[in-house]
Each structure stands twice: as C-alpha cells, then as structure tokens.
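In: Only the shape, not the letters, is given here:
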C-alpha cells in the first residue's frame, strides 16, 4: 500500500480503496452476480485490462477476496436486495428468484450467510413459512386458464389441453417461469413433476378437486 492509502497493482498502477470497491460494483452490474476472481479476469479480457485492477490487488489491500466482497457489499445491502426482489414479486423470494431477478445470485447468499435459511433470517423473513398447497394449485389453474400464453416455439394449435390419460393440464416449465406467481421449482418441489410438465397423482387429484 502506498503513502496515500492506495494499493499498487501488478501493472504498476495505484488504486484507492474507493476505486477498488467501485470496480467490484461495476463488475457485479455487468454479470448480475457477486463477482469471483474469474469474473474479474474475464472482465479485464472483455474490456480494457489497463483499467481493471488485478485480483491480487484486492487480496493485498483487503487481506482476502472474501473480505473485499464484504467491504464492497455489506450484509445489509444483500438483505435490502432480498426485500427489493420480494417487493417486485409481491411474495417472499426463493433461491432461484435471486438468480432470475437479483443483483447477486443465490450462491452469494449461501456463501455469505452459510445457508439460504440463515440469509432469510438475517433479512428478517421467516424461513419456516411455507406457501399453502392450495395456493400453488390455484395459481397453476390460473396459468392454465390464461389465453394465448405461447412461447416463441409454440403455435396457437399447441395450446395446453386436457390429457386423455391423466385428465389434467400439461404445463411447460417455460409457461410457469413466465406466468406463475411462484418459482417454477417451488411447484415441482412441492407438488412433484418433471421438466417436460408437471405430473403425478397427488396434484392431479388436487387439481380436480380445485376445479370442482
């Protein structure tokens, strides 16, 4: 570190702590996740290495890469981001919601807080709260009844129809991602199913009962 509070880069350039932190935030915005050392190297290759601090600069300045991330992105900021996503979706966020809508990605929360449940607790969500199955089933039917909810690869003739075999709607993951109120993984995890469409006797019965 030089006499002015900066850190000498291997390229012979000095950076202040503020400049180093701002660069980490720039890389985060570019890749929409908490950056890794590999991300920093990739950013240097894609843009101008002359203005990209070397990863070792962060380790020298902050003692470790992890500490550099903690200084640049405090716990409180990660928690605020959880609430931003929750407000956007009008519900408590799930891990894959952070990958789809968050600035940092779900992996960042597991690494920072030790587990997803601990991250929810830190942000003052109740990790024990579960969405009632009847809510999930109701939302499945809402998506089913949407008209003209086609993907780019589907035609209007491929609109979901009742199956003669299992007597219920076949929904694609893509439709649930675009129109479901909850994470599509939540539907599959709680009600069963496969990537090609939700299947299974329990939710078939539930959907029939809900329809009645």
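Out: Nice, thanks for sending it over. Predicted, not measured: the structure shown is a model, and the values here were computed from it.

In: Next, the contact list for residue 28, please.
Out: 34, 35, 73, 103, 104 (C-beta atoms under 8 Å, 6 or more residues apart in numbering). Yep, even glycine has a C-beta here, placed from its N, CA and C like the rest.

In: how about those residues, which pair is most distant?
Out: The most widely separated members of the contacts of residue 28, counting by C-beta to C-beta, are 35 and 103 (11.1 Å).

In: Between these two, which is the more surrounded one?
Out: residue 35 (27 against 19; other C-beta atoms under 10 Å).

In: Which of the three states applies to that one?
Out: Secondary structure, DSSP: H, G, I helix; E, B strand; the rest coil: residue 35 is coil.

In: ditto for the one 3 residues further on
Out: Reducing the assignment to helix, strand or coil with three-state DSSP, the entry for residue 38 is helix.

In: in this structure, which spans are strands?
Out: Ranges of strands in the chain, per DSSP state E, are 6-8, 14-16.

In: picking up where we left off before, could you dump the contacts of residue 28 into TSV with pLDDT and distance to residue 114 added?
Out: Shown next, in TSV, are the contacts of residue 28 (pLDDT from 0 to 100; distance: C-beta to C-beta, whole Å):
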residue	pLDDT	distance to residue 114
34	92	15
35	93	20
73	96	16
103	92	20
104	92	15
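
In: Looking at these, which one is closest to residue 16?
Out: When these are compared against residue 16 (criterion: C-beta to C-beta), the nearest one is residue 73, at 17.9 Å.

In: The closest one contacts residue 34, correct?
Out: Yes - contact status for residue 73 versus residue 34: in contact at 6.5 Å, counting by C-beta atoms under 8 Å.

In: Please determine how far the nearest residue to residue 116 once chain neighbours are set aside is located from residue 85.
Out: Distance criterion C-beta to C-beta, 6 or more residues apart in numbering; nearest residue to residue 116, sequence neighbours excluded, is residue 95 at 5.5 Å. Distance of residue 95 to residue 85, given as C-beta to C-beta, to the nearest Å: 11 Å.

In: picking that back up, adding distance to residue 22, write the contacts of residue 28 out as TSV.
Out: Shown next, in TSV, are the contacts of residue 28 (distance: C-beta to C-beta, whole Å):
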residue	distance to residue 22
34	15
35	13
73	12
103	15
104	17
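
In: Out of the residues you listed, the closest to residue 23 would be?
Out: residue 35 (9.4 Å).

In: Got phi/psi on residue 183?
Out: Main-chain dihedrals, residue 183, degrees, to the nearest 10: phi -60, psi 140.

In: Just the pLDDT at it, thanks.
Out: Among the per-residue scores, residue 183 holds a pLDDT of 72.

In: just residue 94 next, same as before
Out: 86.
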